[in-house]
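1. build the 3D model from these lines:
(one chain, ligands or ions: 4)
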Amino acid sequence: MGVLDIVPAGVLTGDNVRKLFDYAKEQKFAIPAINVTSSSTANAVLEAARDIKAPIIIQVSQGGSAYFAGKGLANDKQQASIAGAVAAAHHVRTVAKAYGVPVVLHSDHCAKKLLPWFDGMLEADEAYFKEHQEPLFSSHMLDLSEDSKEENIEICEKYFKRMVPIGLWLEMEIGITGGEEDGVDNSDVDNASLYTQPEDVWDVYEALNKIGPNFSIAAAFGNVHGVYKPGNVKLHPELLGKHQAYGKEKLGGKVEQPLYLVFHGGSGSTKEEIKTAVGNGVVKMNVDTDTQFAYLVGIRDFVFKKKDYLLTQVGNPEGADKPNKKFYDPRVWVREGEKTLVERVKEACADLGNVGRL
Ligand SMILES: O=C(CO)COP(=O)(O)O
Ligand SMILES: O=C[C@H](O)COP(=O)(O)O
Ligand SMILES: [Zn+2]
Ligand SMILES: [Zn+2]
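-> Ligands and ions are numbered 1, 2, ... in the order given. Okay, the predicted model is just below:
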């Protein structure tokens, strides 16, 4: 039995998202969530998943969404981020089935000041639901981790009540991911906020579970966005086991790992840290910085290697009259970045045990 016996290929919504995460938890693997900024990066992620027969998560950040629509657009009211997220979603929906893999289509961190972006996406989900009986996206993240726990939970409850009837999954953050995300600079937050307490995770679970079961929690265990020199980041994925044990006890011992947990700041993590996290019920690991770098590598190497073919439209070491079109065509040099990105996505899947799962 594999994932395709449980859910179909293409973008998953509603209970299919939970079925996929349940299967992952049961089989002790997790799915990487790769941030994309263009059809090129989205296609490379799908290509990797197809090649290794794995489900995949594609996500857009608020800044990535704006980029998807075009940096030349104004974004003062989040209009570019809304349009870009919707465009990315339609693109992924259109091609995902052709790649033959199940896809969770997700939006990343949304802090309080970015809620108009969330509202715009939710309106697009509701409109899509009216026509297709499912939302446009699979899931969205709310990140009120900078606010008080009470306010964080309250805002999540409010949105989750609107998301449940149309079959949207909610990811929320409690405890803070360090580093930077969408202009929210968390590089100076106090150390305790980087490690969420089991009681706080339970409070979130209890509140949201009253509304529906389709939600996940990004509990902090020292996670930081970005890649820093070794030793700078102290990840404690074993703490996630404590959240699961606390939840199990509160639920009367009936459910072994009641929480769906999300690992932020996946880039730069060791294989061992990733393994421990997955063992403790992480079903999704976000990777952005490492895949950004991977996308550059292929393009960078191509440009360095073919430099003498890229300086003029006509004329290269093979002759002054030789045209260089087949070197500067973006389908050639951007493709080189796609190839190295494909390989990095495959590596993330392998680290998470997400290979040959279809
Ligand atoms: O958590 C992330 C996106 O939400 C990705 O973090 P990294 O850029 O550290 O991989
Ligand atoms: O939040 C972390 C992700 O890496 C998103 O980054 P971004 O806001 O630069 O797109
Ligand atoms: Zn955050
Ligand atoms: Zn993150």
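2. ligand 1 contacts on the stretch 201-350 of the chain?
-> 225-226, 264-267, 286-290 (C-beta under 6 Å from any ligand atom). C-beta here means a position set from N, CA and C on the backbone, and glycine is covered the same way.
3. inside strands: which ones of the residues you listed?
-> Residues of these located in strands (DSSP state E): 286-287.
4. what's the farthest-apart pair in the residues of the stretch 201-350 of the chain next to ligand 1?
-> Based on C-beta to C-beta, the longest span within those runs between His264 and Asp290 and measures 13.2 Å.
5. neighbour count winner among the two?
-> Between His264 and Asp290, His264 has the larger neighbour count (other C-beta atoms under 10 Å), namely 28 against 20.
6. that one contacts Asn223, correct?
-> Yes. Between His264 and Asn223 there is a contact under C-beta atoms under 8 Å: 4.6 Å.
7. shared neighbours, the two?
-> Counting by C-beta atoms under 8 Å, 6 or more residues apart in numbering, the shared contacts of His264 and Asn223 are Thr177.
8. residue of the stretch 1-150 of the chain closest to ligand 4, please.
-> Per C-beta to the ion, His109 is where the stretch 1-150 of the chain lies closest to ligand 4, at 5.5 Å.
9. contacts only, for the residue of the chain found nearest ligand 4.
-> Nearest residue of the chain to ligand 4: His264, at 3.5 Å (C-beta to the ion). The contact partners of His264, by C-beta under 8 Å, 6+ apart, come to 173, 177, 218, 220, 223, 225, 286.
10. of those residues, which ones also sit close to ligand 3?
-> 173, 177 (C-beta under 5 Å from the ion).
11. got phi/psi on Leu12?
-> Dihedral angles phi and psi of Leu12 (degrees, to the nearest 10) take the values phi -90, psi 150.
12. contact partners for it?
-> With contact taken as C-beta under 8 Å, 6+ apart, Leu12 is in contact with 20, 102-104, 138.
13. could you measure from it over to ligand 3?
-> As judged by C-beta to the ion, to the nearest Å, Leu12 and ligand 3 stand 25 Å apart.
14. coming back round to it: what's the closest non-adjacent residue to the residue of the stretch 1-150 of the chain closest to ligand 4?
-> Spatial nearest neighbour of His109, excluding adjacent residues (C-beta to C-beta, 6 or more residues apart in numbering): Asp143 at 4.2 Å.
15. now His225. Nearest residue, chain neighbours left out?
-> That would be Gly179: by C-beta to C-beta, 6+ apart, it lies 3.5 Å from His225.
16. picking that back up, how many residues are close by the residue nearest to His109?
-> So Asp143, with other C-beta under 10 Å, has 26 neighbours.
17. again, but for the one 4 residues further on
-> Asp147 has 14 neighbours, counted by other C-beta under 10 Å.
18. I'd say Lys234 and Gly222 touch.
-> Yes. Using C-beta under 8 Å, Lys234 is in contact with Gly222, at 4.9 Å.
19. for the two, indicate the residue with more neighbours.
-> Shown here are Lys234 and Gly222; by other C-beta under 10 Å, Gly222 has more neighbours (18 against 11).
20. measure the more buried one to ligand 3 for me?
-> 13 Å.
21. near ligand 3, which residues of this structure?
-> Counting by C-beta under 5 Å from the ion, the chain comes close to ligand 3 at 143, 145, 173, 177.
22. identify the residues contacting the third one.
-> When contacts are counted by C-beta under 8 Å, 6+ apart, Glu173 touches 109, 141-145, 217-218, 220, 264.
23. where's the residue of the stretch 1-150 of the chain closest to ligand 4, which helix or strand?
-> For His109, there is no enclosing helix or strand under DSSP states H and E.
24. filter the residues of the chain next to ligand 3 down to the ones in strands?
-> Per DSSP E, these map to strands at Glu173.
25. okay if I get the residues of the chain next to ligand 3 as a markdown table plus pLDDT and distance to ligand 4?
-> As requested, the residues of the chain next to ligand 3 are arranged in a markdown table below (pLDDT from 0 to 100; distance: C-beta to the ion, whole Å):
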| residue | pLDDT | distance to ligand 4 |
| --- | --- | --- |
| Asp143 | 98 | 8 |
| Ser145 | 96 | 10 |
| Glu173 | 98 | 8 |
| Thr177 | 89 | 5 |
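26. pLDDT at Lys339, what is it?
-> pLDDT for Lys339: 98.
27. pretty sure it contacts Ile299?
-> No. Under the criterion of C-beta under 8 Å, Lys339 lies out of contact with Ile299, with a separation of 9.8 Å.
28. those two: which has the busier surroundings?
-> More crowded of Lys339 and Ile299, by other C-beta under 10 Å: Ile299, with 19 against 16.
29. which residues touch the more buried one?
-> When contacts are counted by C-beta under 8 Å, 6+ apart, Ile299 touches 333-334, 336-337.
30. Leu259: which of those residues is nearest?
-> Closest to Leu259, out of all of the contacts of Ile299 and judged by C-beta to C-beta, is Gly337, at 36.3 Å.
31. what residues are up against that closest one?
-> Going by C-beta under 8 Å, 6+ apart, Gly337 touches 40, 44, 295-299.
32. wait, a helix at it?
-> Yes. Assigned with DSSP: H, G, I helix; E, B strand; the rest coil, Gly337 falls within a helix.
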